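S.K.: What follows is a predicted protein model with its sequence.
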Amino acid sequence: MSRIELERQPSLGSALDAALERGRDLLCLIEADRERENVRLTYGEFAARGLFLARALEECGFGAGHRATIVMSNQSKWLLSAYAVFRRGGVLVPLDFKLSGTEHRQLIAHSGAQVVVTEYPVWRQMALPAEAARLVLVSEAPPNADLRGARRWEDFSSELPSAPVARQRSDLACIVYSSGTGGRPKGCMLTHDNYLEQCAALVSLFPFGPGSHYLSVLPTNHAIDFMVGFIGPFVCGATVVHLRTIRPEFVREAFTRYRITHMALVPMVLKNLERGLRQRLDDLPAARRALIRGLIGLNRTLVGRRPKTWLSRRLLWPIHKSFGGALEMFFVGGAFTEPETLEYFFDLGIPVANGYGLTEAGTVITVNDMRPFRSDSVGKPVPGTEVRILAPDADGIGEVAARGRTIMSGYLDDPELTQATLVDGWLVTGDLGRLDSTGHLQLFGRKKNMIVTAGGKNIYPEDIENAFVGLPVKEYCIFAANYLWPQRALGGEQLVMVLRLEPGQELGPELQQKLEERNRRLPDFKRIHGFTSWQEDFPRTASMKVKREELAERIRTQLVRDHAVVEI
């Protein structure tokens, strides 16, 4: 089955309708929870359920332009509800189910959502007033639960299928709140054209097909999984496997059980996979360990810089077998990924498509297309997107700006922020980067995190953090000391590393020595002045980026500089 012609589709609803009709007898969606498989649907079965759900929404008065929010973990009901909303011409507001009840209520009110679709534990935490929405659907509620006027998702259906409501490409499709939302809501308004253009660009680079099995573990509200784990696979006739647990043993079992070919990850999860593989290799008998390392080196030589998965599987079959024997590629994004990690998986014959994007840009701005594979950049702009560097310095580093049909139309009810972010048709990202001679983008950090030294040098915490990759700690972060502990002084800026140790780990002489060795390799103006130990996990966004401002505020209120910082 060939993918549908996205350029001829006027909306996400029509694109999904065409995909469901064309792939009617193909396996569409599997929902698994530990050893149990909850749901298995063909495209035709998915369409039937979605159409009756859409008609039930119609009977409740939900129609074109009305807004519906979904606050659910990964499951089939998420995708079915989204399809029903698009079928009715509605606007989808996907929210992170891990947010607090207060945050959910704030964003639901800000978005103007008239319908709320959620699951029972989230519904209880949300404590949404009855007047806050016209209709609330709650899934998996206990039989005798008091739903306070809400209706059970499982019972919400009609005896008649719904007719489609036509929408145009310029119409609003989704309101997506950028990760790390707090205080001032930032609801990115994305049109049908934004999504259809993004999908067309991505499937031209990484085509799915009826034999592709995508493992979905990221929240579906996440921009990456919404595109790569829903819209993209559906329009190509692939199978999506929703896993309702992320416990490592069940993720490993899913690779084999469902012969997974593609999966999107955040860098932290990819790094954990790398640690596990390295440990298993280290635990092998010496002779077998030497043999596998030799085969990894041979694979590196024979493959070069363009993946040859068929060859790598033959050379390194035991490793590929542990991933089910069918894995083609990982997708990673949302935060910085260590080049060493990308190189490690490429040497195993498991390429990782490293990308860069923002919610404001739909999903992806640049991605490594493996032509050739490079670990030192976030790739080239995807088809249809332009990237330029604003006000580059002597090293070519400046603010990254992007333009194209995937860029949002603006922030909901915030013309001032929209005007500051969309300038002459360009999305001003707030990220600092450089384009090399081949058009690859290299990132250095956030503009707002940039530090100016006493000598007038611009330095970026994220860039310095790269020099400490592989440090044997759970996580770490670089700050300007005067940012953590503001003082009335100009110049003399010093850098401090905040360390989160592994459970039971101590900040002993051996770790300090490793810190000092790495530090000495840096230019004088980039060296850290000292370090401090932090006893809590770093706060992170849904895409696993460190919430630097929140972490800094916690440190500022709990630690005293003179007592906390160990000088190097």
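M.R.: The structure has been received and is ready for your questions. Numbers count the residues shown, from 1 in each chain.
S.K.: Packing partners of the helix or strand bottoming out on mean pLDDT in the chain?
M.R.: Ranked by mean pLDDT, DSSP states H and E, the helix or strand of the chain with the weakest confidence is strand 451-452, at a mean of 74. If you count contacts as 3 or more CB pairs under 8 Å, 6 or more residues apart in numbering; DSSP states H and E, strand 451-452 packs onto strand 458-459. C-beta: built from backbone N, CA, C; applies to glycine.
S.K.: End to end on stretch 321-332, go ahead and measure it.
M.R.: 21 Å (CA to CA, to the nearest Å).
S.K.: what comes up buried for that stretch?
M.R.: Buried residues in stretch 321-332, defined by neighbour count with 16 or more other CB atoms under 10 Å: 323, 324, 326, 327, 328, 329, 330, 331, 332.
S.K.: Can you list the strands that the least confident helix or strand of the chain pairs with?
M.R.: Under the criterion DSSP bridges, strand 451-452 sits next to strand 458-459 (antiparallel) in its sheet.
S.K.: Tell me which residues are up against the partner strand.
M.R.: By CB atoms under 8 Å, 6 or more residues apart in numbering, the residues outside strand 458-459 that reach it are 393, 397, 450, 451, 452, 453, 495, 525, 526.
S.K.: same thing but at 6 Å, please
M.R.: With contact meaning CB atoms under 6 Å, 6 or more residues apart in numbering, strand 458-459 is reached by 450, 451, 526.
S.K.: Repeat that for stretch 502-512.
M.R.: With contact meaning CB under 6 Å, 6+ apart, stretch 502-512 is reached by 474, 533.
S.K.: buried sites along that stretch?
M.R.: residue 511.
S.K.: How about stretch 534-550?
M.R.: 534, 538, 540, 541, 542, 543, 544, 545, 546, 547, 548.
S.K.: any idea how far residue 500 is from the third one?
M.R.: If I follow you right, that is residue 540. Going from residue 540 to residue 500 by CB to CB, to the nearest Å gives 11 Å.
S.K.: again with residue 359
M.R.: Using CB to CB, residue 359 is found at 27 Å from residue 500.
S.K.: Of these two, give the one with the bigger neighbour count.
M.R.: residue 359 (20 against 17; other CB atoms under 10 Å).
S.K.: Quick check, pLDDT for the closest residue in space to that one that isn't next to it in sequence.
M.R.: Spatial nearest neighbour of residue 359, excluding adjacent residues (CB to CB, 6 or more residues apart in numbering): residue 178 at 4.3 Å. Looking at residue 178, its pLDDT reads 81.
S.K.: Residue 318 now?
M.R.: 93.
S.K.: again, but for the one 4 residues further on
M.R.: As predicted, residue 322 sits at a pLDDT of 92.
S.K.: Give me the distance between the helix or strand encompassing residue 318 and the centre of its chain.
M.R.: If you go by DSSP states H and E, residue 318 is part of helix 317-322. Distance, stretch centre to chain centre, for helix 317-322: 26 Å (CA atoms, centre = their mean, to the nearest Å).
S.K.: which neighbours does the helix or strand following that helix have in its sheet, and in what orientation?
M.R.: On the C-terminal side of helix 317-322, the closest following helix or strand by DSSP H and E is strand 329-332. When sheet partners are counted by DSSP bridges, strand 329-332 sits next to strand 262-265 (parallel), strand 352-356 (parallel).
S.K.: Include mean neighbour count when you put those strands into TSV, please.
M.R.: Formatted as TSV, the strands paired with strand 329-332 follow (neighbours: other CB atoms under 10 Å):
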stretch	mean neighbour count
strand 262-265	24
strand 352-356	25
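S.K.: Of those strands, which is nearest residue 337?
M.R.: Closest to residue 337 of these, according to CB to CB: strand 352-356, at 5.4 Å.
S.K.: mean confidence for the closest one?
M.R.: In this model, strand 352-356 has an average pLDDT of 95.
S.K.: what do you get for stretch 396-411?
M.R.: 96.
S.K.: what's around the closest residue to residue 522 other than its chain neighbours, how many residues?
M.R.: In space, and not counting its chain neighbours, residue 522 is closest to residue 467: 5.6 Å by CB to CB, 6+ apart. A count of nearby residues for residue 467, using other CB under 10 Å, gives 15.
S.K.: Okay, and residue 554 sits in which element?
M.R.: Counting by DSSP H and E, residue 554 is found in helix 548-558.
S.K.: Residues contacting that helix, please?
M.R.: 484, 538, 539.
S.K.: and with 7 Å instead?
M.R.: 449, 477, 479, 483, 484, 485, 498, 534, 538, 539 (CB atoms under 7 Å, 6 or more residues apart in numbering).
S.K.: likewise stretch 517-536?
M.R.: With CB under 7 Å, 6+ apart as the test, stretch 517-536 has contacts from 453, 455, 457, 459, 464, 467-468, 478, 481, 494-501, 507, 515, 555, 559, 564-568.
S.K.: Looking at those residues, which are in strands?
M.R.: 459, 478, 495, 496, 497, 498, 499, 500, 566, 567 (DSSP state E).
S.K.: what residues are up against the last one?
M.R.: If I follow you right, that is residue 567. Residue 567 neighbours (CB under 7 Å, 6+ apart): 529, 530.
S.K.: for the stretch 201-350 of the chain, what spans make up the helices?
M.R.: Secondary structure of the stretch 201-350 of the chain (DSSP state H, counting those that start in this stretch): helices located at 223-226, 232-236, 248-258, 267-282, 286-303, 309-315, 317-322, 339-347.
S.K.: and the angle from the fourth one to helix 248-258?
M.R.: Same thing as helix 267-282. Compare the direction of helix 267-282 with that of helix 248-258 by axes from the mean of the first three to the mean of the last three CA atoms, to 10 degrees and you get 90 degrees.
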